[in-house]
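[1] Predicted model and sequence below, questions to follow.
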Amino acid sequence: MSKISLDEFLSMRISQRCQYFSENNRLLALVYAQQFDRPLLSNLFSLADAIRRLSDSRDGRLFLRALLADRRAMLYFTQPSTRTFLSFAAACHILGMNSSNVRDSTTSSEIKGESREDSLRIFSLYHDLIIMRQPEGGFCEQIAFQMLSWPGRKPIINAGAGMDQHPTQALLDLYTLQRCFADSGGLDHKRIMLVGDLKRGRTARSLAYLLTNYSGVELILAAPENLAMGEDIKEHLRENSTPFIETDNMQPYLSKVDAIYLTRIQDEWDQGAKTSMDYSRFGLRAEHLKSLKADCFILHPLPRRQEIETSIDADRRAVYFDQAQNGMWVRAALIAHMFAVDEKIISHR
Amino acid sequence: MSKISLDEFLSMRISQRCQYFSENNRLLALVYAQQFDRPLLSNLFSLADAIRRLSDSRDGRLFLRALLADRRAMLYFTQPSTRTFLSFAAACHILGMNSSNVRDSTTSSEIKGESREDSLRIFSLYHDLIIMRQPEGGFCEQIAFQMLSWPGRKPIINAGAGMDQHPTQALLDLYTLQRCFADSGGLDHKRIMLVGDLKRGRTARSLAYLLTNYSGVELILAAPENLAMGEDIKEHLRENSTPFIETDNMQPYLSKVDAIYLTRIQDEWDQGAKTSMDYSRFGLRAEHLKSLKADCFILHPLPRRQEIETSIDADRRAVYFDQAQNGMWVRAALIAHMFAVDEKIISHR
Amino acid sequence: MSKISLDEFLSMRISQRCQYFSENNRLLALVYAQQFDRPLLSNLFSLADAIRRLSDSRDGRLFLRALLADRRAMLYFTQPSTRTFLSFAAACHILGMNSSNVRDSTTSSEIKGESREDSLRIFSLYHDLIIMRQPEGGFCEQIAFQMLSWPGRKPIINAGAGMDQHPTQALLDLYTLQRCFADSGGLDHKRIMLVGDLKRGRTARSLAYLLTNYSGVELILAAPENLAMGEDIKEHLRENSTPFIETDNMQPYLSKVDAIYLTRIQDEWDQGAKTSMDYSRFGLRAEHLKSLKADCFILHPLPRRQEIETSIDADRRAVYFDQAQNGMWVRAALIAHMFAVDEKIISHR
């Protein structure tokens, strides 16, 4: 790896930057959802399945716990997040890893005027892994790049960066879909509808991007006109010959899709004036259930508000809570991969 | 267990609701102090004694630590609490259990509009035990009920719910009394004075309730007139033939009781206008010590303010710091019971 | 140890108070930088070296982790601190110790009116070690004294007390200097320049104090006139025949010293009116590097602001990030010493 400057790095195409964060087919840093290609996804999903299976028995759990018992992770979460935080903490624990955390930048020495680069460099001296969630896009990328030149070259995971990237969420979404379709030929050739705030919802954007790794997937993009999927993602879909339909009415498609992925309207980004628009038609209600195929799965990255009526929770097609738990399994798989204990897990017993 | 609705559940009598949270003499959820009957109390106290004894040696501590090393607890504490929080965290650690926590609901995804039911359901997917402290009464009860229908049926412990219930505090108070009287025939036939805010103090209320499990206990209830013990508890005392005297003057009883349980005036519930009343006569001062029986124990759930002069701390009858530590032992015992490792502990060596 | 009152204790000379916190050459409490004499420093540094070396291998890390796996530490940090907090947490983890923390006194039961003495006493009942950082000087000293009379006599470490004392910072600074000079005859007879806020910077004050343990060390004290080193430290230097020069211009000394220790202007103590003075001449810039000796080491306790240009980070004489990591190693060494597992570590393999 030749030494280049941060500016040079940032001016590279995304595919080149992705290469920078891997070595011998192993991630050194996970920053972008674009780092997941199909072989890597396949490996991580097998690993997640194995970890889940081992976790069913006390012996399996104790085996897993011993794997990284000598390692420490740092959870640097300056953007509020409970679910992602706790599932990463649980993933660390599954592998026996100790975790420390900063969840509030006001307790940090940033108030003494330290740069965040210095802070992160110091955290990397105390820990073996940095898991980072930040309100600003770009910062994780920068630190991941700098980390490669700092002694120790500690691995780093992007646990959500503003409106930008949330690659482990994309990972758990795909893992959930892959499990849903495990008995029906896998993800290839499935028709999937994404619903809601496709403009700002990182999760829907990343998922659409990654679904181009699968053959013959068709997408229905159902969003309010002002919150339609961004041109960048649509361009990527076209380049990869993934057909998609845009609509602001999900109803006609309910009976035709193999999975519905609902998302929250991210109005926390509507600074000041909260929009008064009615987005209720981008929600799923009990009356819709009868329109769905018998094996159409219902996903949601959570937290939900009005997008899915709670009475739907009991429907066996509703998999959003499994999806949340899958976050823990794939995050454990990712960490195991980065610390190269994947072989031990796969070959156990 | 037949499926009933939450409303049906909440309309049941407390004794029926208690049954709902047990299976084969093992607690699935601890929500109410009323769930403790004498056989269960006796089991938990023996277990606490064994855990305490094992903790005296490094071998014993390492044995205990291995018991639940493959398990994770979630401490969901949205009501400020340091003591209860730390003693639960220590109890988890004694048994080797990893713990995560949410101590501030503002960092939670609740700010994104998620219902607390969804939050708790997701926490239960990442953890093997939920320990919950909430400012509102009733919420823990509701979640404990719902948890029984969610996959995994994770155990839950009420670590304090508003003015309502704080069952593990009652447990540690009883355990302390039982230890105090270990050499004098146990709790039966003892005369115990409860002093202070008996109206709002959960601890005094629960303790009075649970003391009806013992034979011939007599109670002196010494409280300001406006903070007297509630009618519900007094009714329960009458039903269970537990004699009690009400007074607003503790002085004449100092020489006649086997234990004094002092409590804090809970003026944090006096919203706005703090009462200007003088409650100083509900406190114990050094000059009172000579009036007490030579073996009259002094308890307090802590935190204390003016209720006990610090010079009393050195008196060998003052057991309130032991009482605080007992909280750790009985909480470890409770968790061990819920995870069915009690037999292993009792039979060790 | 005869029983004396807190007032009597506080009226003793510092050397007597230091004796109070040791037993059989082992620290019971670390409160003052003055407790470090040369034999103890030498032991702790050897121990830190051994821990660092063992941490290079998985076997070594697992050996260390087993040492205190049955112990619990409490980090009571009511003064904001990320670096010190995390390095103590990492130090605990290296030795397998579980840690709980209070990082915000507002979540504490202090709001219910409990005295801090009661709080700390209760924390000591749940934990085997208290690590404490407080904005007020004197409080740690008081608690450390009281702890000796409380049951359990739990060890306590001062992790920074206001403007007063920060002994583990002094320890890591000395350890770093000692490592820098390992191949050039050690710390004796070196010339060291301290730069910046020598009046309020605890770290520079403690370091100056402790350097009198070494023979023939010369000090250059470069500070703004209004932030010069305090008379107490200068008196100590004179008493111990440690020569020093005071200046407000570091430039002429750059080429003559073996190490430069830069510090931050602690303007958080300038309540209200922040000083508008220009302290830029107490910073090191790239243009200065050529003036330095080829083996002149650059230290800084961090966090830094403008005191060291970031381009200097890449210079091999810049050791401030090593210094930060050394904090973790010496803190682990200190804890190992206090729990008497030092022999096990030193004699391992």
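    That came through, no problem. Residues are numbered from 1 along each chain as shown, chains lettered A, B, ... in the order given.
[2] Show me where chain A dips below the pLDDT cut-off.
    Along chain A, segments meeting pLDDT under 70 span A:1-2, A:105-112, A:268-276.
[3] So which residues on it come close to chain B?
    By the rule C-beta under 8 Å from any C-beta of the partner chain, the part of chain A lying against chain B is A:58, A:61-62, A:65, A:80-83, A:86-87, A:89-90, A:93, A:103-104, A:264, A:268, A:302-305, A:310, A:321, A:324-325, A:328. C-beta coordinates here come from the backbone N, C-alpha and C atoms, glycine included.
[4] Nearest spatial neighbour of the residue of the stretch 51-200 of chain A at minimum distance from chain B, chain-adjacent residues omitted?
    Scanning the stretch 51-200 of chain A for the residue nearest chain B gives residue A:61, at 3.6 Å (criterion: C-beta to the nearest C-beta). In space, and not counting its chain neighbours, residue A:61 is closest to residue B:70: 3.6 Å by C-beta to C-beta, 6 or more residues apart in numbering or on different chains.
[5] who are the neighbours in contact with the residue of the stretch 101-250 of chain A found nearest chain C?
    As assessed by C-beta to the nearest C-beta, chain C sits closest to residue A:114 within the stretch 101-250 of chain A, at 3.3 Å. Contact analysis of residue A:114 by C-beta atoms under 8 Å, 6 or more residues apart in numbering or on different chains lists C:302, C:303, C:304, C:305.
[6] Quick check: can you list the domain ranges of chain A?
    Segmentation of chain A into domains, based on automatic domain parsing, reads A:6-165+A:327-343, A:167-325.
[7] Tell me which other helices or strands the helix ranked longest in chain A touches.
    Looking across chain A with DSSP state H, the single longest helix is helix A:320-338. Applying 3 or more C-beta pairs under 8 Å, 6 or more residues apart in numbering or on different chains; DSSP states H and E, we find helix A:320-338 packed against strand A:26-27, helix A:38-54, helix A:83-94, strand A:156-161, helix A:167-180, strand A:297-299, helix A:342-346, helix B:116-126.
[8] can we see that at 6 Å?
    helix A:38-54, helix A:83-94, helix A:167-180, helix B:116-126 (3 or more C-beta pairs under 6 Å, 6 or more residues apart in numbering or on different chains; DSSP states H and E).
[9] close to chain A, is the last one?
    Yes: applying C-beta under 6 Å from any C-beta of the partner chain, one finds that helix B:116-126 is in contact with chain A at B:122, B:125, B:126.
[10] Now do the second one: how many residues are near it, please.
    A count of neighbours around residue B:125, defined by other C-beta atoms under 10 Å in any protein chain shown, yields 22.
[11] what's the answer for the last one, then?
    Other residues within reach of residue B:126, judged by other C-beta under 10 Å, total 23.
[12] OK, contacts around it?
    A:86, A:87, A:90, A:328 (C-beta atoms under 6 Å, 6 or more residues apart in numbering or on different chains).
[13] how much space between the second one and residue B:209?
    Spelled out, it's residue A:87. Noted for residue A:87: a distance of 39 Å to residue B:209, by C-beta to C-beta, to the nearest Å.
[14] Show the residue spans covered by the helices in the stretch 201-349 of chain A.
    Applying DSSP state H, counting those that start in this stretch to the stretch 201-349 of chain A gives helices spanning A:202-210, A:231-239, A:320-338, A:342-346.
[15] Could you give me the buried positions within the third one?
    Okay, so that is helix A:320-338. Buried residues in helix A:320-338, defined by neighbour count with 16 or more other C-beta atoms under 10 Å in any protein chain shown: A:320-321, A:323-338.
[16] cool, stretch A:215-225 as well?
    For stretch A:215-225, by 16+ other C-beta under 10 Å, it's A:217, A:218, A:219, A:220, A:221, A:222, A:223, A:224.
[17] Filter the residues of chain A next to chain B down to the buried ones, ChimeraX style.
    Buried residues within the residues of chain A next to chain B, by 16+ other C-beta under 10 Å, are selected in ChimeraX with:
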select /A:61,65,80,81,82,83,86,87,89,90,93,103,104,264,302,303,304,321,324,325,328
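[18] Could I get the helices of the stretch 201-349 of chain A in a markdown table, plus columns for distance to residue C:293?
    Converted to a markdown table, these look like this (distance: least, C-beta to C-beta, whole Å):
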| stretch | distance to residue C:293 |
| --- | --- |
| helix A:202-210 | 52 |
| helix A:231-239 | 54 |
| helix A:320-338 | 42 |
| helix A:342-346 | 49 |
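[19] Of these, give the one that comes closest to residue B:148.
    For the helices of the stretch 201-349 of chain A, the distance to residue B:148 is smallest for helix A:320-338, at 15.5 Å, taking C-beta to C-beta.
[20] what does that closest one rub up against?
    Residues contacting helix A:320-338 (C-beta under 6 Å, 6+ apart): A:27, A:44, A:47-48, A:51-52, A:87-88, A:90-91, A:94-95, A:155, A:168, A:171-172, A:175-176, A:299-300, A:302, A:342, A:345, B:122, B:125-126.
[21] how close does residue A:130 sit to residue C:281?
    For residue A:130, the distance to residue C:281 equals 36 Å [C-beta to C-beta].
[22] Of those two, which one has the most company?
    Shown here are residue A:130 and residue C:281; by other C-beta under 10 Å, residue A:130 has more neighbours (23 against 13).
[23] Helix or strand for that one, just tell me which one.
    Residue A:130 belongs to strand A:129-134 when assigned by DSSP states H and E.
[24] That strand pairs with which strands, and in what direction?
    The strands beside strand A:129-134 in its sheet (DSSP bridges) come out as strand A:72-77 (parallel), strand A:156-161 (parallel).
[25] Grab the most central residue of chain A for me.
    Ranked by distance to the mean C-alpha position of chain A (C-alpha atoms, centre = their mean), the top residue is residue A:169 at 1.7 Å.
[26] That one is in contact with residue A:203, isn't it?
    Yes: Residue A:169 lies in contact with residue A:203 (C-beta atoms under 6 Å); the separation is 4.9 Å.
[27] list residues touching both of the two?
    Both residue A:169 and residue A:203 are contacted by residue A:301, under the criterion C-beta under 6 Å, 6+ apart.
[28] Tell me the secondary structure at residue A:193.
    strand (DSSP: H, G, I helix; E, B strand; the rest coil).
[29] Hmm, residue A:251 and it touching each other?
    No: using C-beta under 6 Å, residue A:193 is not in contact with residue A:251, being 10.8 Å away.
[30] Who has more neighbours out of the two?
    residue A:193 (22 against 11).
[31] so what's residue A:310 up against?
    By C-beta under 6 Å, 6+ apart, the contact list for residue A:310 is empty.
[32] let's see it at 8 Å
    Applying C-beta under 8 Å, 6+ apart, the residues near residue A:310 are B:115, B:117.
[33] Against residue A:318, how distant is it?
    Here the criterion is C-beta to C-beta. By it, residue A:310 lies 10 Å from residue A:318.
[34] interface residues of the stretch 151-300 of chain A facing chain C?
    Residues of the stretch 151-300 of chain A lying close to chain C by C-beta under 8 Å from any C-beta are residue A:151.
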